[in-house]
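Asker: Quick one, structure for this:
(2 chains)
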Protein chains: 2
Amino acid sequence: MSDDPAGATRNPADTQYLGPPTIWNAQVELMDEAECLRLIAGGGVGRIAYSGQYGLTVLPVSYKLLDGSIVVRTPLGSSTDEALRTGIRGADYRVTFEIDQVGHDAEEGWFVVIQGPAHHVDAHDDCLAAWVPGQRSSEGRSREHYVRITPSLIVGRRLRQSAGA
Amino acid sequence: MSDDPAGATRNPADTQYLGPPTIWNAQVELMDEAECLRLIAGGGVGRIAYSGQYGLTVLPVSYKLLDGSIVVRTPLGSSTDEALRTGIRGADYRVTFEIDQVGHDAEEGWFVVIQGPAHHVDAHDDCLAAWVPGQRSSEGRSREHYVRITPSLIVGRRLRQSAGA
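Answerer: Just a heads-up that it's a prediction; the model follows:
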């Protein structure tokens, strides 16, 4: 299946998921899940990717890490909202979430890629409480909603410039 | 068709591609293609997304804008290489490329999303000459290759914090 998070069930094939260490001409180190989660724990901006009405879409969104899940804020009525809402009825809607912090040449830094099903967050879900206090304003909140991505695969790489380059 | 770059043929539906201006609780302005291309002209790091062997994959890569195309450096033998190489035999392999520069809350800045077919770049393609001089080292270059993404859809948004927020 093309959308199978194969890396979660393959071992040691995780090393193949993102290619051998020649990638980006940088030295690439695998990071374990704990390291990935530590790096993204602070939240910030990631990119959510999904196959929707307009093909493969990638958008920057604000996220937080809550209880091991990625919680993303999306606007009600947007194509992201509609795509996820439609997809979730009756079945998991699988998305990919990416967070990175890399230099201009993508030869140093790190990135984390998460695959998993996306679910709408109920208005009474605890994660909302974690979001709202940090917001500058409550205006417009009623027009937003939150999506929780439960990781089925977490992979991460740390890039270092090759010695002598 | 789910992978149709619908925005290229719909008008004014481009405004729907990434949702209404409530997105991210920021004020969102559409950018035209010229503005998008101007913003990404300097190259840097973007994220290439494609459906491959391991599902929907999103990876940060170094890119340059050359003659209106995105040229991305990927490693030979990596899963990205294999996915694109396999896909390109006999048919276009469509990918999505995203570049952004947004603040921590994704409420200010801009992003550009490009969809289009990816093609391998021949070793004698002019775009290689544009890459190599800027590289710190030629070591390892033989293990890399370049992919050209010819945009069929370019959409961009500028985000501004809502007044009074």
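Asker: how about low-confidence regions in chain A?
Answerer: Within chain A, the stretches with pLDDT under 70 are A:1-26, A:75-92, A:122-144, A:162-165.
Asker: Residue A:38: how many residues sit nearby?
Answerer: Residue A:38: 13 surrounding residues under other Cβ atoms under 10 Å in any protein chain shown. For the C-beta atoms, the positions are set from N, CA and C on the backbone; glycine is no exception.
Asker: And it, how close does it get to residue A:65?
Answerer: Distance, residue A:38 to residue A:65, by Cβ to Cβ, to the nearest Å: 10 Å.
Asker: in what helix or strand does the closest residue to residue A:56 other than its chain neighbours lie?
Answerer: Counting by Cβ to Cβ, 6 or more residues apart in numbering or on different chains, residue A:56 lies nearest to residue B:96, which is 4.3 Å off, once chain neighbours are set aside. Following DSSP states H and E, one finds residue B:96 within strand B:93-102.
Asker: Each with direction, which strands does the next helix or strand after that strand pair with?
Answerer: Moving toward the C-terminus from strand B:93-102, the next helix or strand (DSSP H and E) is strand B:109-120. Strand pairing for strand B:109-120, determined by DSSP bridges: strand B:93-102 (antiparallel), strand B:144-149 (antiparallel), strand B:153-161 (antiparallel).
Asker: partners of residue A:119 in the sheet?
Answerer: With DSSP bridges as the rule, residue A:119 is bridged to residue A:148.
Asker: picking that back up, ok, now which ones touch the residue nearest to residue A:56?
Answerer: Applying Cβ atoms under 8 Å, 6 or more residues apart in numbering or on different chains to residue B:96 gives the contacts A:49, A:55-58, B:48-50, B:113-115.
Asker: go again using 6 Å as the cut-off
Answerer: By Cβ atoms under 6 Å, 6 or more residues apart in numbering or on different chains, the contact set of residue B:96 is A:56, A:58, B:49, B:115.
Asker: Show me which of the residues you listed are buried.
Answerer: A:56, A:58, B:49, B:115 (16 or more other Cβ atoms under 10 Å in any protein chain shown).
Asker: Among those residues, find me the one that's closest to residue B:103.
Answerer: Lowest distance from residue B:103 to the buried ones among the contacts of residue B:96 (Cβ to Cβ) belongs to residue A:58, with 18.1 Å.
Asker: Tell me the strands beside the helix or strand that contains that closest one, with direction?
Answerer: Using DSSP H and E, residue A:58 sits in strand A:55-66. If you go by DSSP bridges, strand A:55-66 pairs up with strand A:44-52 (antiparallel), strand A:69-75 (antiparallel).
Asker: Closest one of the contacts of residue B:96 to residue B:104?
Answerer: Nearest member of the contacts of residue B:96 to residue B:104, counting by Cβ to Cβ, is residue A:58, at 18.9 Å.
Asker: coming back round to it: buried set for the strand holding residue B:96?
Answerer: B:93-100, B:102.
Asker: wait, residue A:157 sits on residue A:28?
Answerer: Yes. At 5.1 Å, residue A:157 counts as touching residue A:28 under the criterion of Cβ atoms under 6 Å.
Asker: if I pick the nearest residue to residue A:33 once chain neighbours are set aside, what's in contact with it?
Answerer: Excluding the flanking residues, the one nearest residue A:33 by Cβ to Cβ, 6+ apart is residue A:154, at 4.9 Å. Counting by Cβ under 6 Å, 6+ apart, residue A:154 touches A:33, A:36, A:114.
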